[in-house]
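Novice: Next input, structure requested:
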Amino acid sequence: MNLELKQKQFNSAMELYEGRNCHKLFGIFVAMTNISLQIYTLSRVLTISIGIRWQIISFIAAYLITDFVNGLVHLYMDDNDNYESWTGPLIANFHLHHRTPRYQDNKIFVVYFNETGSKVWLIFYLAAVAILLQQHNINTVLLYTLTYIGILSSVAELSHYLTHNSNSPVVNFLARSKLLLPKRQHAQHHLMDNISYTFLNGVTDPLVDFIARRFFTGYKNKTDLHYARYSGVNSPRR
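Specialist: Residues are numbered from 1 along each chain as shown. Model prediction:
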């Protein structure tokens, strides 16, 4: 589609995002719903005993799956340019993260809340997990894994925030240990094209990058161009 038209659509979407409180209120609603479901699913699953060995296995599996799934969502969103849809203002605001080297410093819990409010898809995922927890014939290790994925999907946003904003020795150690996302690895996403989409710890980047090369064209010559004429000062919350 015509680049000039896409740029106009982007600017219009951002005008709606910045001019209407409903989008920010919607984010608060999403955050509260997600966090409530996270608390509920965790409190329910913790009543089930699976032993320390299976706890470790389920958590490691959840860590890897979360990195991969959230990387795929990131990949999809970076390619999404449907600015005239009802979610268009949220999509446009999301794309501004590519031009943001550092986010506004904030308390970790505030970042957790704000970024959980951007994960609309997580509501449906957590609701499905909550329903599964009502069943009696579901593998208990699977239930733990699914529950951890729902929580770690928000932790991934903290990892991304810390990659941009923190030089703490503890954060750097966790990044070197592949528990959080390494700065140098994530920098490739901003400097290059169609690469390094995962943001919990980056372990599954090779798999997501393979999918990106196979099915997507990248963002540098597509959605990154759409905000070229955007003059607003607002950046995505972190």
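Novice: Which helix or strand contains Y219?
Specialist: Element membership for Y219 (DSSP states H and E) is empty, with no helix or strand holding it.
Novice: For it, give me its contacts.
Specialist: By C-beta atoms under 8 Å, 6 or more residues apart in numbering, the contact list for Y219 reads D78, D79, H98, D193, N194. For the C-beta atoms, the positions are set from N, CA and C on the backbone; glycine is no exception.
Novice: Regarding it, what are the backbone dihedral angles?
Specialist: phi -110, psi -20 (degrees, to the nearest 10).
Novice: Would you list the buried entries among the contacts of Y219?
Specialist: Buried by 16 or more other C-beta atoms under 10 Å: D78, D79, N194, out of those.
Novice: So V155 sits against N201, correct?
Specialist: No: contact between V155 and N201 fails when scored by C-beta atoms under 8 Å: they sit 10.0 Å apart.
Novice: okay, these two: which has more neighbours?
Specialist: Legend: neighbour count by other C-beta atoms under 10 Å for V155 and N201, higher for N201 (24 against 19).
Novice: Name all residues that make contact with that one.
Specialist: Y63, D67, S159, K178, L179, L180, L181.
Novice: so how many other residues sit close to the first one?
Specialist: What it means is Y63. By other C-beta under 10 Å, 22 other residues sit near Y63.
Novice: Could you verify my assumption that it touches T198?
Specialist: No: contact criterion C-beta under 8 Å: Y63 and T198 do not qualify, at 11.3 Å.
Novice: before we move on, back to that, restricted to buried residues, select the contacts of N201 in PyMOL.
Specialist: Only the buried entries of the contacts of N201 go into this PyMOL selection, using 16+ other C-beta under 10 Å:
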select buried, resi 63+67+159+180+181
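Novice: And the helices in this protein?
Specialist: Counting by DSSP state H, one finds helices in the chain at the ranges 3-19, 21-45, 51-79, 88-95, 108-116, 120-132, 140-165, 169-176, 183-191, 205-215, 223-226.
Novice: Just put those helices in CSV and tack on mean pLDDT and distance to R102.
Specialist: Output for the helices of the chain, formatted as CSV (pLDDT from 0 to 100; distance: least, C-beta to C-beta, whole Å):
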stretch, mean pLDDT, distance to R102
helix 3-19, 95, 20
helix 21-45, 96, 21
helix 51-79, 98, 19
helix 88-95, 95, 17
helix 108-116, 97, 13
helix 120-132, 98, 25
helix 140-165, 98, 6
helix 169-176, 97, 14
helix 183-191, 96, 12
helix 205-215, 98, 22
helix 223-226, 96, 18
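Novice: could I get those as CSV with distance to G232?
Specialist: Output for these, formatted as CSV (distance: least, C-beta to C-beta, whole Å):
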stretch, distance to G232
helix 3-19, 6
helix 21-45, 14
helix 51-79, 19
helix 88-95, 10
helix 108-116, 18
helix 120-132, 22
helix 140-165, 20
helix 169-176, 30
helix 183-191, 20
helix 205-215, 28
helix 223-226, 13
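Novice: Contacts only, for the residue nearest to L42 when sequence neighbours are not counted.
Specialist: Closest residue to L42 apart from its sequence neighbours, by C-beta to C-beta, 6 or more residues apart in numbering: T147 at 5.9 Å. The contact partners of T147, taken as C-beta under 8 Å, 6+ apart, are T41, L42, V45, A62, V129, L133.
Novice: Please indicate which of these are buried?
Specialist: Looks like the contacts of T147 have T41, V45, A62, V129, L133 buried, using 16+ other C-beta under 10 Å.
Novice: Nearest to N165 among the residues you listed?
Specialist: Checking the buried ones among the contacts of T147 against N165 by C-beta to C-beta gives A62 as the nearest, at 25.1 Å.
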